[in-house]
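Trainee: Fold the following for me, if possible:
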Amino acid sequence: MLRAAPSQRPQHAVAWHEDAPNPSSAATPPSEPLPTSVDWIVIGGGFSGLSAARRAAERGARVLLLEKGELRDGASSRNGGMVHVGFGASTNSIIKRFGADGAREWFDLSRAGVRRIQQLATAGPEGLTSSTGIDPNWSETGHLELARSTRSAADLHGEAELRESLGLPVRLLDRSAVQQLTNSSAFAGGLAVEEGGGVQPARLQAAMANAARAAGVEIRERTPATGIIQIAGGYEVRTPRGSIRTQHIFGGVNGYADRLFPALRRRAIPVGSFMIATEPLAPELLAQVSGNGEMRFDTRNFLSYWRPTPDGRIAFGGRTSFWPDSLDHIARLLTARMRASHPQLAHTNVTHAWGGRLSFAFDRLPRVARLGGVTHLSGCAGSGVALMTLLAEQTIDWELGGDPPLPARIPWHPVPVPYEGLPWFLPFAGIGFALEDWWNERGGTKSRG
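Mentor: Okay, the predicted model is just below:
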């Protein structure tokens, strides 16, 4: 007799946080007064803000980082921890826009971002483990892109050819090869990429926060920037705790931009992404479901992504629609998707559910731009773990006289519809995305093993 699937309601909490030090320990106690003047103010305490702050401090600047909530509140400790080569924009669109040589430059940037995270998250002279004592749990497993229909599997053939033409190592997988790797009959084909892997994102953020503090960055939580005024020689940034003068401002707010940044809100489109995590699995079940431990995501517009965690869970994430919805309902939808991909998890409890916000530009390529006195890094569209750190460092070097990062060399026009921060048009676009997913998987095109 089959046992019923578990019905336990997951707690609204981030599973990563339970297996990581709290980065708030790197913050200055709120009782201490704010400085009146610094060289740099960094707004936002995620991967980009912490990396920019540390870079500026290591180059001799006095740096203050302002976080309006706690460091853990943003997307950096809430994402899938996937460190992969690629962008939100398709390979084909990048080649059409920039040509083969230009596309290679973009993918060289992405690959350099992967290498930078690997450098920071592994043992070595620049590794964060040796300097902070916090291991970000790097796993050099690569990733799988999985097709849920024969149409999507055929598309992956063309994708493999494009990437190989750019010198990117990929391996095309047929249905049987995917089934052997994943122990799942839900996929019609796939693409294996050996570059990259994964980190425990909350551990990486905690290590970055401690490294920034060690470099001399002053981190202030619960201190929102409420106003920016241009003054002689720089800017005055206002907060509820007082005003600070500065020469430079870096914005690391990404999908959490508020009304302080109207120019950014006209350009960056925030999108919610959600995750669930199972209870820790028995080793034999974890091995059966996670294969070689690679990062996995599918080819749907409303994609799913999943991976094993260092503490033995399966973390499964994705987007279910662009309409407002409750976290409990989203968790049920993600749980159903996870069990459809891996029926072995039908009787496994889902213990955690949470969400966060990423952002993308209209063309789904990252951007670095000076807007309203603030240098912003945004729009990594789901590839931020690999890109945010490197681009933040390059942005600081640019501000201090170096070459501009690649994303700063292309224009960033406002979204071409009336818009400032509330993406009212996404639910309508989502209807089209859902119809396309349905069409790709309709009838006999869906893999059924």
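
Trainee: So which residue is smack in the middle of the chain?
Mentor: Gly384 (3.9 Å; CA atoms, centre = their mean).

Trainee: I figured that residue was touching Gly252, is that so?
Mentor: No - counting by CB atoms under 8 Å, no contact exists between Gly384 and Gly252, whose distance comes to 10.7 Å. In short, each C-beta sits where N, CA and C put it, glycine included.

Trainee: Identify the contacts common to those two.
Mentor: The contact sets of Gly384 and Gly252 overlap at Phe47, Ser48 (CB atoms under 8 Å, 6 or more residues apart in numbering).

Trainee: quick check, Ile249 in a strand?
Mentor: Yes - counting by DSSP: H, G, I helix; E, B strand; the rest coil, Ile249 is part of a strand.

Trainee: What is the burial count for Ser152?
Mentor: 25 (other CB atoms under 10 Å).

Trainee: and if you look at Pro414?
Mentor: 13.

Trainee: now swap in the one 4 residues further on and tell me
Mentor: Using other CB under 10 Å as the criterion, Pro418 is surrounded by 9 other residues.

Trainee: Could you do the one 3 residues further on as well?
Mentor: By other CB under 10 Å, 15 other residues sit near Gly421.

Trainee: Give me the distance between it and Pro270.
Mentor: 8 Å (CB to CB, to the nearest Å).

Trainee: swap in Ala160?
Mentor: Distance from Ala160 to Pro270, by CB to CB: 32 Å.

Trainee: Distance check, the residue nearest to the centre of the chain against Leu50.
Mentor: Counting by CB to CB - Gly384 and Leu50 are separated by 13 Å.

Trainee: Check Pro308 too.
Mentor: Pro308 is 26 Å from Leu50, where distance means CB to CB.

Trainee: pLDDT weak spots in the stretch 101-250 of the chain?
Mentor: Scanning the stretch 101-250 of the chain for pLDDT under 70 picks out no residues.

Trainee: those helices in the stretch 301-449 of the chain, which residues are they?
Mentor: With helices called from DSSP state H, counting those that start in this stretch, the stretch 301-449 of the chain shows them at 327-341, 384-399, 426-441.

Trainee: closest to Thr246 out of those?
Mentor: helix 384-399 (12.2 Å; CB to CB).

Trainee: helices and strands around that closest one, which ones?
Mentor: helix 47-58, strand 82-83, helix 91-121, helix 201-214, strand 248-251, strand 367-371, strand 374-378 (3 or more CB pairs under 8 Å, 6 or more residues apart in numbering; DSSP states H and E).

Trainee: relative to helix 201-214, how tilted is that helix?
Mentor: Interaxial angle, helix 384-399 versus helix 201-214 (axes from the mean of the first three to the mean of the last three CA atoms, to 10 degrees): 20 degrees.

Trainee: ranges for the strands of the stretch 101-250 of the chain?
Mentor: All strands of the stretch 101-250 of the chain, identified by DSSP state E, counting those that start in this stretch, fall at 143-147, 171-173, 189-193, 197-198, 218-220, 227-231, 234-239, 242-246, 248-251.

Trainee: Show the contacting residues for Arg59.
Mentor: For Arg59, the contact set (CB under 8 Å, 6+ apart) comprises Ile396, Leu400.

Trainee: any idea how far it is from Ala282?
Mentor: In terms of CB to CB, Arg59 sits 49 Å off from Ala282.

Trainee: before we move on, back to that, mutual contacts of Gly421 and Pro270, please.
Mentor: With CB under 8 Å, 6+ apart, Gly421 and Pro270 have common neighbours Ala257.

Trainee: what's across from Arg370 in the sheet?
Mentor: Using DSSP bridges, the bridge partners assigned to Arg370 are Thr375.

Trainee: Burial check on it, number of neighbours?
Mentor: 15.

Trainee: how far away is it from Ala408?
Mentor: 8 Å.

Trainee: Equivalent analysis for Gly252, please.
Mentor: For Gly252 relative to Ala408 (CB to CB), the value is 15 Å.

Trainee: Looking at those two, which is more packed in?
Mentor: Neighbour count, other CB under 10 Å: between Gly252 and Ala408, Gly252 has more, with 29 against 19.

Trainee: Could I get the pLDDT score of that one?
Mentor: Note for Gly252: predicted pLDDT of 96.

Trainee: from what I can see it touches Ala52, true?
Mentor: Yes - using CB under 8 Å, Gly252 is in contact with Ala52, at 6.3 Å.

Trainee: Can you pull the residues that touch both of these two?
Mentor: Val42, Leu377, Ala392.

Trainee: how about JSON lines for the residues you listed, with neighbour count and distance to Ala331 added?
Mentor: As requested, the shared contacts of Gly252 and Ala52 are exported to JSON lines (neighbours: other CB atoms under 10 Å; distance: CB to CB, whole Å):
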{"residue": "Val42", "neighbour count": "33", "distance to Ala331": "34"}
{"residue": "Leu377", "neighbour count": "30", "distance to Ala331": "31"}
{"residue": "Ala392", "neighbour count": "28", "distance to Ala331": "32"}
